[in-house]
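>>> A predicted structure for the sequence below; I have some questions about it.
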Amino acid sequence: MGKEKTKSHFVGVRLTEEQKRTLYNLQKKSEMSKSDILLRGLEILSEYYALGLDKPPLSIELKKLEEEAIQHIKALKQIKQREESVKQMIQELREVDEIIDEYNGEKNALIQILLKIQEKKHWLPKPALIWVSERLNVPMAQIIQIATFYKAFSLEPKGENTVKVCLGTACHVRGGAKILEAAEQYLGVKSGGTTPDMKFTLESVNCLGCCALGPVMTINNDYYGKITPPQVKDILSLYQRENLILTSEQKKIAPLAYKPTPQHG
Amino acid sequence: MPRFNSLEEFQKYRENLSKKKDPKQICISVCSGTGCRAYASEKVVEALRQEITKEKLDKVVELKTIGCPGFCEKGTIVVVYPYGICYVQVKPSDASDIVKQTIIERKIIDRLLYTDPKTNKKIVYESDMPFYKHQRRILMANNSKIDPKNIDDYISVGGYTALVKALFKMKPDEILNEIKKSNLRGRGGGGFPAGRKWETTKNAPGEPKYVIVNCDEGDPGAFMDRALMEGNPHSVIEGLIIGGYTIGAHEGFIYIRQEYPLAVENTEWAIKQCEEYGLLGKNILGSGFDFTVKVHRGAGAFVSGESSALMSAIEGKVGEPRPKYIHTAVNGLWNKPSCLNNVETWANIPFIVNNGAQWFTSIGTANSPGTKIFSLVGKVNNTGLIEVPMGVTLREIIYDIGGGLPNGKRFKAVQTGGPSGGCIPEKYLDLPVDFDELYNVGSMMGSGGMIVMDEDTCMVDVARYFVDFLTEESCGKCVPCREGLRQMSRILNDITNGRALPEDLDLLKELSEVVQMSALCALGQSAPNPVLSTIKYFYDEYEAHLRGECPAKVCKGLISYVIDPDKCKSCGLCAKNCPVNAITGGKKTVYRIDNSKCIKCGNCLDACKFNAVSKVTGRNMVEVTPSKR
């Protein structure tokens, strides 16, 4: 493409770059001469004044248009967000689908399927349950019945770390309740609650089957045996900053920090 | 690994395995049960592996992770074979010493040996430890020999010989007769003869039939099923296949509670290996018998351990019991005849098939033959799993094997049978332990939990604990259990808070009897046992609570903490540890506790280094307890 000449003057008026481009485009499109454009422009201007479309009303009009445009953008964003969440939901449901397929979509495997979902998501989101209900052809009421009957399920989101304090008989006689109290005090939630920052969920369990180590507390899959109430704070604080500092490698060392006290009965 | 299509192939494989096995092979075995994992046994294994590689002993030394040998108190346990040297409380940092000194220099490391607390002598070999010496290990014997994730280990110690014998040399009726003659009683709690149960299912009309393993070990304080399922899943699977063959079932289920992730993992692994070897699936070892096993994970419900509830849980429903006018043996899973037995019962089967009923009845007592695994926990020195013949006395278990109570405390009671059992007082310490004897004193065998309690345990609090536990776990289907237990829990909580009236005790008894008579399932019917047995044997403690005293100083509503001014050194540790700032004082002034603020957490008692803080109850209490509700 050859060099296009753009005029820097128009009937003796100095033009800005933008005006130059507009003029050039106009000329090219309408194939009108310079003076024709000038005349047409004057015509429009006179019409404009004749109609009384003075500056203020025009700017109001423009502002309105602008506001409308902003609102459209907002709506577009919302639609996009919705699209994202739908996409995410589809992704989640795909995962649920995979789990259901693992069990060949058998109705009998309902509890196993819910367990797997719980394991993955740490809770049972409603869309997932609706999907399970659809796929297995099991009424939602039955699913909710199961989800509320068994202790392993939660219908509310849980914290990143699940803290379980054993209150089995062996741990009970060795002071498991005191451990729970210490954990409640430190986290500021009662047993069954989740901290507002979604870091911890505190639960009590009835026996973890390592009674010889009582009292026992577990955090996720780490077991802490023969602990005393003051140690609870130290152990929990390890996990508080865990996301930032503790690597999984370090986490595995953590249980060693608490050696069993030989005299502890 | 190719599938064995005939008996010959399998036998040949076993021979090859035993030929390859060198009795002089040096092997370091590390316990990897849940108990030892809590002591970071995985780190110990990793450290040992690195050390072995560093010393270039990879080909000489075998490193093995084994199932739970039972002595959880002293974990992590490491045994060095063929010498049989047993190290306790091993830490990752000890790995280099074990490899350098014991393996290379053949020296025994003194500091890692077990010290007998009675004689203060170091003990080198497992068999010499008092904890193991008084036991008779049959079911658990293989736990310390095999890697639960390696089927070859199980085959090389004689695994699946009973299956071979059953499939190729015995007819189903013969096996059934043998089991009946052995008088093997269900190890899950009730003690119902397994042979009779099998026979009912076998003769019941309807196809298909099912066999089920109950590993929903919900009793707090019991973990023998976990140890077996984790440590030797093949023995249970073998028993289950034999059961299926005898009864005529081709499908088996293993129900494992959700709290035992390692048991689920190891069992699923074992099933996969069995399928690869052709020990499960179609035409097992060319015998023409088909059998498959599925693992069903529980989702956390105590009541699901009840047979009919467990079956509806497997069906994917809510695990609630149903009235058993027709026994589950006839009308069980999907309304088909289903034979449900406990893990330990199934694990006994291969031994009975191999050794005969006569051998089995020679162990234990006449009415309760065989051995039983107990989990000895609570206030006892050597906690862990023990296997003893039926009929040994409680005293032998607690004092000889358990090594007595720690810190010189006095024995008060032993609780057997979980929440359905009762508390047995000191006067019955010489009671031989079997199904009937325990029942006669108001307790039961249960799944074998044995929780030792010392003088610091409040028996009313224990009863309250169990009733609260069962109130929470009651499925709510029948009224006596749901409402009765709730009211009992209220009364017991009142008693422990000093708000009860004397007549409440009679009401509690009456309620207990009603629940016992009218509840739907065994869980509800046996729920009042802890209350009734403590009322029977520890009535004085209930009376004391009514007077506003807790003799063991446990019940929070009846105690208060005081600081002895003579002993207080004004160090301020108690005040520092108090979560509610109830303790005030300062330099050179004696600290004192404000009882209106005190929440009785006991932190000050634990913190004080001068024994200045003590608990008081009854008349000595500073604050008067609030009157009746």
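Sure thing, it's come through. Numbering: from 1, shown residues only, chains lettered A, B, ... in the order given.

>>> which parts of the stretch 201-350 of chain B sit against chain A?
Neighbours of chain A within the stretch 201-350 of chain B, by Cβ under 8 Å from any Cβ of the partner chain: B:217-223, B:226, B:258-261, B:296-302, B:313-320. (Each C-beta comes from the backbone N, C-alpha and C, glycine too.)

>>> From those, which land in helices?
Counting by DSSP state H, these place B:Arg226, B:Pro261, B:Ala313, B:Ile314 in helices.

>>> since we're on residue 230, how many residues are nearby?
In the absence of a named chain, this looks at chain A. Around A:Pro230 there are 12 other residues, counting by other Cβ atoms under 10 Å in any protein chain shown.

>>> The chain in question should be chain B.
Using other Cβ under 10 Å, B:Glu230 has 28 other residues around it.

>>> Please save the CA atoms from the strand or helix carrying it in PDB.
Using DSSP states H and E, B:Glu230 sits within helix B:224-231. In PDB, the C-alpha atoms belonging to helix B:224-231 read as follows (Å, rounded to 0.1, in the frame of the first residue of the first chain):
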ATOM      1  CA  MET B 224      -8.900 -55.600  67.900                       C
ATOM      2  CA  ASP B 225     -10.900 -55.800  64.600                       C
ATOM      3  CA  ARG B 226      -8.900 -52.900  63.300                       C
ATOM      4  CA  ALA B 227      -5.600 -54.600  64.100                       C
ATOM      5  CA  LEU B 228      -6.700 -57.800  62.400                       C
ATOM      6  CA  MET B 229      -8.200 -56.100  59.300                       C
ATOM      7  CA  GLU B 230      -5.100 -53.800  59.000                       C
ATOM      8  CA  GLY B 231      -2.500 -56.400  60.000                       C
END
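
>>> next one: it to chain centre, how far?
Taking the mean of its C-alpha atoms, helix B:224-231 sits 9 Å from the chain's own mean (Cα atoms, centre = their mean, to the nearest Å).

>>> And the ones in helices among the residues of the stretch 201-350 of chain B next to chain A, which is closest to B:Lys180?
B:Ile314 (26.8 Å; Cβ to Cβ).

>>> Now do that closest one, the pLDDT please.
In this model, B:Ile314 is scored at 91, pLDDT.

>>> hmm, back to that, and the average pLDDT for the helix holding B:Glu230 is what?
pLDDT averaged over helix B:224-231 gives 90.

>>> which helices and strands does that helix pack with?
strand B:210-215, helix B:233-247, helix B:261-277, helix B:343-361, strand B:371-378 (3 or more Cβ pairs under 8 Å, 6 or more residues apart in numbering or on different chains; DSSP states H and E).

>>> now the angle between helix B:343-361 and the second one, please.
When you say that, I think you mean helix B:233-247. If you take axes from the mean of the first three to the mean of the last three Cα atoms, to 10 degrees, helix B:233-247 sits at 70 degrees to helix B:343-361.

>>> then helix B:233-247 to CSV, C-alphas only?
Presented in CSV, the C-alpha positions along helix B:233-247 are these (Å, rounded to 0.1, in the frame of the first residue of the first chain):
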residue,chain,number,x,y,z
PRO,B,233,-6.7,-59.0,56.1
HIS,B,234,-6.0,-62.3,54.3
SER,B,235,-6.9,-64.4,57.3
VAL,B,236,-10.3,-62.8,57.4
ILE,B,237,-10.8,-63.1,53.7
GLU,B,238,-9.8,-66.8,53.9
GLY,B,239,-12.3,-67.4,56.6
LEU,B,240,-15.0,-65.6,54.6
ILE,B,241,-14.4,-67.7,51.4
ILE,B,242,-14.6,-70.9,53.5
GLY,B,243,-17.8,-69.6,55.0
GLY,B,244,-19.2,-68.8,51.6
TYR,B,245,-18.3,-72.3,50.3
THR,B,246,-19.9,-73.9,53.4
ILE,B,247,-23.1,-71.9,53.3
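
>>> next SSE after it?
Next along the chain after helix B:233-247, taking DSSP H and E as the criterion, comes strand B:251-256.

>>> Just the C-alpha atoms of stretch B:110-118, please, in CSV.
What follows is stretch B:110-118, C-alpha atoms only, in CSV (Å, rounded to 0.1, in the frame of the first residue of the first chain):
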residue,chain,number,x,y,z
ASP,B,110,20.6,-51.2,75.3
ARG,B,111,18.7,-48.0,75.3
LEU,B,112,16.1,-49.2,72.9
LEU,B,113,15.3,-52.4,74.8
TYR,B,114,12.2,-52.8,76.9
THR,B,115,12.6,-52.4,80.6
ASP,B,116,10.5,-54.5,82.9
PRO,B,117,9.1,-51.9,85.3
LYS,B,118,8.9,-54.6,88.1
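
>>> residues in contact with it?
With contacts defined as Cβ atoms under 8 Å, 6 or more residues apart in numbering or on different chains, stretch B:110-118 is touched by B:74, B:78, B:86-90, B:94, B:97-98, B:121-124, B:129-130, B:381, B:403.

>>> try 10 Å
Surrounding stretch B:110-118, the residues in contact under the criterion Cβ atoms under 10 Å, 6 or more residues apart in numbering or on different chains are A:262, B:71, B:74, B:77-78, B:85-91, B:94, B:97-98, B:101-102, B:121-126, B:128-132, B:381-382, B:403-404, B:406.

>>> so which helix or strand takes in the residue positioned nearest the centre of chain A?
Nearest to the geometric centre of chain A sits A:Ser85, at 9.1 Å (Cα atoms, centre = their mean). Assessed by DSSP H and E, A:Ser85 sits inside helix A:55-102.

>>> Give the rounded mean pLDDT of that helix.
The average pLDDT within helix A:55-102 is 86.

>>> Thanks again, I'm all set now.
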